[in-house]
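S.K.: Test case, fold it:
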Amino acid sequence: MHTRSDVTRNNAGAMPGVVFTGCGVRDAARAQAQRAAPARAATGAKAKPAGRRREVKVGGKRVKTIDVHAHCVIPEAMALLGLKMTDQRGPGIDQVGERRIREMDEQGIDMEALSINPQWYRAERDLVTQVIRIQNEKLAGFCATWPDRFVAFASVALQYPDLAIQQLVDGVKRLGLRGAAVGASVAGKEFSDPMFHPFWAKAEELGVLIFIHPQSAPDLANRLRGNGWLMNTIGNPLDTTIALSHLIFEGTLDRFPALKICSAHGGGFLPSYAPRSDNCLRVAPEMDTGVKLKKQPTEYLRGMYYDTLVFTSEALRHLAAEVGSNRLVIGTDHPIPWQSKSVDHILKAPGFTDRERRMMLGETAAMLLGIKP
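M.R.: The predicted model follows:
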């Protein structure tokens, strides 16, 4: 049973210390431009939502829409890590909760699952313990302020798996968080490394969702420099592709078959070229390291979950064909405007049944996150 600490709203209607931001790319000028209006801050007046919430219906039936891919940061925790708010990407930055809700209302998003991209995997134990405590308690407090609009994923210090287990258990059982948000590797170590097995075992035991958000394939930083924002455009989906491939080929998903994983950005590049994985060891049997999988590699794709942050109807159709429409959940990357039409993206894509659209829009996410549909 989920519990939350009691929280009182401040004058602006926001939970102090929670700031909405994007994928951690520096853009100080935009960050400053997007802060709350001075007049409102001076008066302490509570903003009213602009217009009515867009209600989404499929086949005449109201659907609770749930976005699993939405970002924020905690300034107090960032300061402990030596990071600055002006180093965060700026579109949508705001310390006032009602602004976030207005944007959700305009998009037709009923609920968001908030997560913080890990920037602490190289921090020492005492420091990261403090950072994670602050983040998880602030996230829980914010969600308690608007329980019908937000849930959140716990932050965990995976470089210390025993500590990460404690943080996950505390986050889920005491704070009411709905799982954990992780990167795609940990200080150069793949998630398939046996050092992480105890953490996956605990997540499997708790039955909670692990949300994987990539960190731009850091080993390829030099090759991803230059025009095109390749650190994100290519680096992020590639980072996820590598992480999932290791989990499959190293047998981690066989070891933890009930582990619930959801990947950002439609699972990266893996679902788009999945059958190559089924043929690799046939073509190069000498690369077989002795890990005998229980299924074909592509079969593991249908045991995981993916957000719908792909950019065309054809891409969404192909993703659903590879992994199953029942494995897809809304991902907006809010407040970064990668996909501000995520609801219409699903509603207007041809070839899906009403039931499939309802699952993608919210029913599957509600099941995974313990939200009443």
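S.K.: Need the mean per-residue confidence for stretch 54-70.
M.R.: Average pLDDT, stretch 54-70: 97.
S.K.: I should have written stretch 259-271 there, sorry.
M.R.: Mean per-residue pLDDT for stretch 259-271: 98.
S.K.: try stretch 194-204
M.R.: The average pLDDT for stretch 194-204 rounds to 98.
S.K.: gap between it and the chain center?
M.R.: In terms of Cα atoms, centre = their mean, to the nearest Å, the centre of stretch 194-204 is found 19 Å from the chain centre.
S.K.: repeat for stretch 319-336
M.R.: 11 Å.
S.K.: what's the span of that stretch from first residue to last?
M.R.: 22 Å (Cα to Cα, to the nearest Å).
S.K.: If I look at the closest residue to residue 313 other than its chain neighbours, what pLDDT would I see?
M.R.: Take residue 313 and drop its neighbours on the chain: the residue closest to it by Cβ to Cβ, 6 or more residues apart in numbering is residue 349, 4.0 Å away. All C-beta atoms are positioned from the backbone trio N, CA, C, and that covers glycine. As predicted, residue 349 sits at a pLDDT of 98.
S.K.: Residue 349 is in contact with residue 316, isn't it?
M.R.: Yes. Between residue 349 and residue 316 there is a contact at 4.9 Å, judged by Cβ atoms under 8 Å.
S.K.: So for those two, which sits in the more crowded spot?
M.R.: residue 316 (24 against 19; other Cβ atoms under 10 Å).
S.K.: What distance do you get for that one to residue 346?
M.R.: Applying Cβ to Cβ, to the nearest Å, the value for residue 316 to residue 346 is 7 Å.
S.K.: which SS state does the residue nearest the centre of the chain fall under?
M.R.: Using Cα atoms, centre = their mean, the residue of the chain that lies closest to the mean C-alpha position is residue 69, 4.1 Å off. Here residue 69 is recorded as strand under DSSP: H, G, I helix; E, B strand; the rest coil.
S.K.: how much space is there between it and residue 339?
M.R.: 9 Å.
S.K.: which residues are in contact with both of these two?
M.R.: Jointly contacting residue 69 and residue 339 under the rule Cβ atoms under 8 Å, 6 or more residues apart in numbering are 309, 331-333.
S.K.: which stretches of the stretch 1-150 of the chain have low pLDDT?
M.R.: 1-16, 21-51, 88-96 (pLDDT under 70).
S.K.: all helices for it, in order.
M.R.: Counting by DSSP state H, counting those that start in this stretch, the stretch 1-150 of the chain has helices at residues 28-33, 38-43, 75-80, 97-107, 125-145.
S.K.: give me the beta-bridge partners of residue 211?
M.R.: Beta-bridge pairing of residue 211 under DSSP bridges involves residue 181, residue 262.
S.K.: if I look at it, how far off is residue 107?
M.R.: From residue 211 to residue 107 the distance is 20 Å (Cβ to Cβ).
S.K.: These two: which has the busier surroundings?
M.R.: Applying other Cβ under 10 Å to residue 211 and residue 107 shows that residue 211 carries more neighbours, namely 26 against 22.
S.K.: ok, which stretches of the stretch 251-373 of the chain are strands?
M.R.: 260-263, 305-307, 328-329 (DSSP state E, counting those that start in this stretch).
S.K.: Can you give the strand pairings for the last one, parallel or anti for each?
M.R.: Paired with strand 328-329 in the same sheet, following DSSP bridges, are strand 305-307 (parallel).
S.K.: residues in contact with the strand it pairs with?
M.R.: By Cβ under 8 Å, 6+ apart, strand 305-307 touches 68-69, 209, 260-267, 271, 319, 323, 327-331, 364, 368.
S.K.: Distance from it to the middle of the chain?
M.R.: Relative to its chain's centre, strand 305-307 lies at 10 Å (Cα atoms, centre = their mean).
S.K.: Same check on stretch 353-367?
M.R.: 18 Å.
S.K.: Can I get that stretch in PDB? Just the C-alpha atoms.
M.R.: Output of stretch 353-367 as PDB, limited to C-alpha atoms (Å, rounded to 0.1, in the frame of the first residue of the first chain):
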ATOM      1  CA  THR A 353      -8.300  -0.700 -32.500                       C
ATOM      2  CA  ASP A 354     -10.000   1.400 -29.800                       C
ATOM      3  CA  ARG A 355      -8.800  -1.100 -27.200                       C
ATOM      4  CA  GLU A 356      -5.200  -0.700 -28.300                       C
ATOM      5  CA  ARG A 357      -5.400   3.100 -28.200                       C
ATOM      6  CA  ARG A 358      -6.900   3.000 -24.700                       C
ATOM      7  CA  MET A 359      -4.000   0.700 -23.500                       C
ATOM      8  CA  MET A 360      -1.400   3.000 -25.000                       C
ATOM      9  CA  LEU A 361      -3.000   6.200 -23.700                       C
ATOM     10  CA  GLY A 362      -3.200   5.100 -20.100                       C
ATOM     11  CA  GLU A 363      -4.500   1.600 -19.200                       C
ATOM     12  CA  THR A 364      -1.100  -0.100 -19.400                       C
ATOM     13  CA  ALA A 365       0.700   2.700 -17.500                       C
ATOM     14  CA  ALA A 366      -2.000   2.600 -14.900                       C
ATOM     15  CA  MET A 367      -1.400  -1.100 -14.400                       C
END
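S.K.: hang on, the earlier thing: turn the helices of the stretch 1-150 of the chain into TSV, columns for distance to residue 299.
M.R.: Converted to TSV, these look like this (distance: least, Cβ to Cβ, whole Å):
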stretch	distance to residue 299
helix 28-33	43
helix 38-43	53
helix 75-80	39
helix 97-107	34
helix 125-145	35
